[in-house]
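**Student:** Coordinates for the following, if possible.
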Amino acid sequence: MAVAPSNGLRFVAVTRRGYPGSTPFSDSETSVATNGTVDEQTSFLIQRGVEFNMFIHNFSKKFGLPALSKDKTRGGFEVMGWSLGTFFALWTVSAWDALPRTSRIVSGLR
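**Tutor:** Prediction:
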């Protein structure tokens, strides 16, 4: 993280829901996550991926992040996770089809 600015990178860390300082899960969301059917839990996870994608979409619009260049050497963004956060990174990618087409901002994946 310390070398990101000197290399033209912006690092944004997101605290996932349910952790201090983040949006708590509602009682019904917690119930689905812990006791829901497989279909309900799958939907729950897809919605978490949609939340992260919408954050990326809104953040990139608000701060004018450049789109990925045609040669893929400038612009764009990457998603990564640490520890349990890797699952959220995977859900972010797996929720792609659930997004409105106008929110799909990754060049080459439209």
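**Student:** so what secondary structure elements neighbour the lowest-mean-pLDDT helix or strand in the chain?
**Tutor:** Taking mean pLDDT, DSSP states H and E as the measure, the chain has helix 85-94 as its least confident helix or strand, at a mean of 86. Counting contacts by 3 or more Cβ pairs under 8 Å, 6 or more residues apart in numbering; DSSP states H and E, helix 85-94 packs against helix 38-62. Where C-beta positions appear, they are placed from N, C-alpha and C, glycine not excepted.
**Student:** how big is the angle separating the least confident helix or strand of the chain from helix 38-62?
**Tutor:** Orientation of helix 85-94 against helix 38-62 (axes from the mean of the first three to the mean of the last three Cα atoms, to 10 degrees) gives an angle of 80 degrees.
**Student:** Next, the buried residues of helix 85-94.
**Tutor:** For helix 85-94, the neighbour count (16 or more other Cβ atoms under 10 Å) marks Phe88, Ala89, Trp91, Thr92 as buried.
**Student:** so what's the nearest residue to the last one once chain neighbours are set aside up against?
**Tutor:** It stands for Thr92. Counting by Cβ to Cβ, 6 or more residues apart in numbering, Thr92 lies nearest to Phe52, which is 4.2 Å off, once chain neighbours are set aside. Counting by Cβ atoms under 8 Å, 6 or more residues apart in numbering, Phe52 touches Val14, Val79, Phe88, Trp91, Thr92, Ala95.
**Student:** So Phe52 versus Val12, what's the distance?
**Tutor:** In this view, Phe52 and Val12 are 11 Å apart by Cβ to Cβ, to the nearest Å.
**Student:** Next: Phe87.
**Tutor:** Where Val12 is concerned, Phe87 sits at a distance of 19 Å (Cβ to Cβ).
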